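# I'd like to go over a predicted model; first the sequence, then the structure.
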Amino acid sequence: MIQALKGTKDVLPQDSYKWQYIEWHMREICERYGLREGRTPVFEHTELFLRGVGDTTDIVQKEMYTFDDKGGNSITLKPEGTAGIVRMFIENGLYNGPQPTKMYYVYCPVFRYENTQTGRLREHHQFGVEIFGAQRASADAECIMLALELFEKVGVRDLALRINSIGCPACRPNYHATLRAYLKDQYNSLCDMCKTRFEKNPLRVLDCKESHCRDIVKNAPVILDYLCGGCGAHMDELKRCLDMMRVKYDIDPFIVRGLDYYTKTVFEIISTHIGAQGTVCGGGRYDGLIETVGGPGMPGVGFGLGMERLLLTAQNQGVRIPEPPAFDLFVASVGEEAHVRAFWLAMQLREAGYRVECDHTERSVKAQMKYANKLRALHVAVIGEDELRAGVVNVKTMETGEEKETSLNAPAMAAAIKRG
RNA sequence: GUGGGUAUAGUUCAGAUGGUUAGAAUGCCAGAUUGUGGCUCUGGAGGUCGUGGGUUCAAAUCCCAUUACCCACCCCA
């Protein structure tokens, strides 16, 4: 038996309505916030991600699905959603249109070669939002509000919003130097991982889970104290916007995102209901990214939201997702003539807007009734030789067992099953 | 990449110290007077016990390997 690849998941027909439900909310909210959906290919030139995501990140260094196609091009399955949208934006000259450009994507497949655990897959799907050409922090706040509204509309609770600023190319080097100076004295006490972080990206040491490193870092200088004037003002504006919206948040100087392109604002929305992989939504500002990928120097801000993790949180919280509507009618049939007539009637009623199912198996009436019951059909009509001859049929209401005689034609049957 | 746990019908699980044709519940299919569901009763189908080796007269059970899943690290959504 061939199995699905490790870290991939099927969405079963009986579960797809849950996805459709949250996808509907995503689209509804985004359209209200003035975003348009963008769709990009599943794979891109590897080079895009080397430049976009950053070639020192774990994602690029050890998690990408990269291969050569038959033409000898290095191709990569997208490991995140932003780079592709940026490429689309530049390649199609969207920067010539009215700015800002506000886009979203729903059910964007993302591939990373990970070791799986709860809430961590090799293929997962992201809902994401990107706003290009808006430098003010109110755009950052808009992204955050949009994500929070989605959680609220879906009915997910107990989420924590954490924000931070990691500065810009102007002020971050100063902080790096300050942090290195602080860590230097205790370098030998750091874990092995952090020793390499010290060289590569000292910010990461702040994020270490080793208790010893945590102790060391506890009194480390905080980047927020070393922001340049522009970054500090930006952070203040973001806080003002969030305060005005009465949103609760924590300023967490230890948030360091794993993608190199972030500048200024970074944020995470975390659930405590899905195990260790609690980040449901993560994002921030990336003012240098569009230029890095080859476009004009334009700011950007956005986030990615893990759909599987959102569903997992909803499920663990017992969030009720409305089930799809029941069938209005099942048309059962006995015999060749009746079978074809049942199909014809079902088709006419479907055309009239009803949810109708008919038999395709030639099984007994009893079995057809059982099936109709499992489908949660509200009504059943059984058609056989007698009905064909007399031109009438009984429409049975399943819940009460009552039967009502009507003419054997679509308009009469439609009247019998009409929804109140 | 690292560490720990698990693997038996479609599903959820029983199967103490190895010992006859591997069980239950649920689901599925079919019957309970000839064309009517839910409740009840009866019957049926469905497993080479994850896979591959090994120990043994004998392995679902013990040992090794492998794969998948679960949990945690790392990292991220």
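Received, thanks. Model, not experiment: these values are computed from the prediction. Numbers count the residues shown, from 1 in each chain, chains lettered A, B, ... in the order given.

# next SSE after the helix or strand of chain A with the lowest mean pLDDT?
Each helix and strand of chain A was given a mean pLDDT (mean pLDDT, DSSP states H and E); the minimum falls on helix A:192-200 at a mean of 75. Going down the chain from helix A:192-200, the next helix or strand is helix A:211-218, by DSSP states H and E.

# Tell me the helix or strand right after that next one.
Next in sequence after helix A:211-218, counting helices and strands by DSSP H and E, comes helix A:229-244.

# mind listing the helices for the stretch 251-400 of chain A?
A:289-292, A:307-316, A:336-351, A:365-374, A:385-390 (DSSP state H, counting those that start in this stretch).

# Tell me which of those helices lies nearest to A:Glu23.
The closest of the helices of the stretch 251-400 of chain A to A:Glu23 is helix A:307-316. By C-beta to C-beta, the value is 8.3 Å. Every C-beta, even on glycine, is put in place using the N, C-alpha and C of the backbone.

# hmm, back to that, so does the least confident helix or strand of chain A get close to RNA strand B?
Yes - using C-beta under 7 Å from any atom of the strand, helix A:192-200 reaches RNA strand B at A:Met193, A:Arg197.

# Next, the buried residues of that helix.
Residues of helix A:192-200 classed as buried by neighbour count (16 or more other C-beta atoms under 10 Å): A:Cys194, A:Arg197, A:Phe198.

# Let me know the distance separating the first one from A:His212.
Between A:Cys194 and A:His212 the computed distance is 9 Å (C-beta to C-beta, to the nearest Å).

# now A:Thr313
A:Thr313 sits 32 Å away from A:His212, going by C-beta to C-beta.

# neighbour count winner among the two?
Using other C-beta atoms under 10 Å as the criterion, A:Thr313 and A:His212 rank with A:Thr313 on top: 25 against 13.

# list the contacts for the closest residue to that one other than its chain neighbours?
Leaving aside its chain neighbours, A:Thr313 sits nearest to A:Ser271 (4.5 Å; criterion: C-beta to C-beta, 6 or more residues apart in numbering). Going by C-beta atoms under 8 Å, 6 or more residues apart in numbering, A:Ser271 touches A:Val156, A:Asp158, A:Leu159, A:Gly278, A:Val280, A:Arg309, A:Thr313.

# Sort these by pLDDT and name the bottom one.
In terms of pLDDT, A:Gly278 ranks lowest among the contacts of A:Ser271, with 87.

# residue contacts, that one?
A:Gly119, A:Ile270, A:Ser271, A:Thr272.

# Can you name the residue of chain A nearest RNA strand B?
Per C-beta to the nearest atom of the strand, A:Gly258 is where chain A lies closest to RNA strand B, at 0.9 Å.

# Without its sequence neighbours, what residue ends up closest to that residue?
Using C-beta to C-beta, 6+ apart, the nearest residue to A:Gly258 is A:Thr57, at 5.8 Å.

# so what's the one you found scoring on pLDDT?
For A:Thr57, pLDDT reads 79.

# Can you list the low-confidence ranges for chain A?
A:1, A:209-211, A:420 (pLDDT under 70).

# Run a quick neighbour tally on the nearest residue to A:His124 once chain neighbours are set aside.
Among residues not flanking A:His124 along the chain, A:Glu308 sits closest, at 5.0 Å (C-beta to C-beta, 6+ apart). For A:Glu308, the count of nearby residues is 21 (other C-beta under 10 Å).

# any idea how far A:Gly258 is from A:Glu308?
For A:Glu308, the distance to A:Gly258 (C-beta to C-beta) stands at 18 Å.

# what does A:Val247 give?
24 Å.

# ditto for A:Cys228
A:Cys228 is 24 Å from A:Gly258, where distance means C-beta to C-beta.

# And A:Ser271, by the same measure?
Counting by C-beta to C-beta, the gap from A:Ser271 to A:Gly258 is 18 Å.

# Repeat that for A:Thr406.
Separation of A:Thr406 from A:Gly258 (C-beta to C-beta): 64 Å.

# Between the two, tell me which one has more neighbours.
Between A:Thr406 and A:Gly258, counted using other C-beta under 10 Å, A:Thr406 has the larger neighbour count: 18 against 15.
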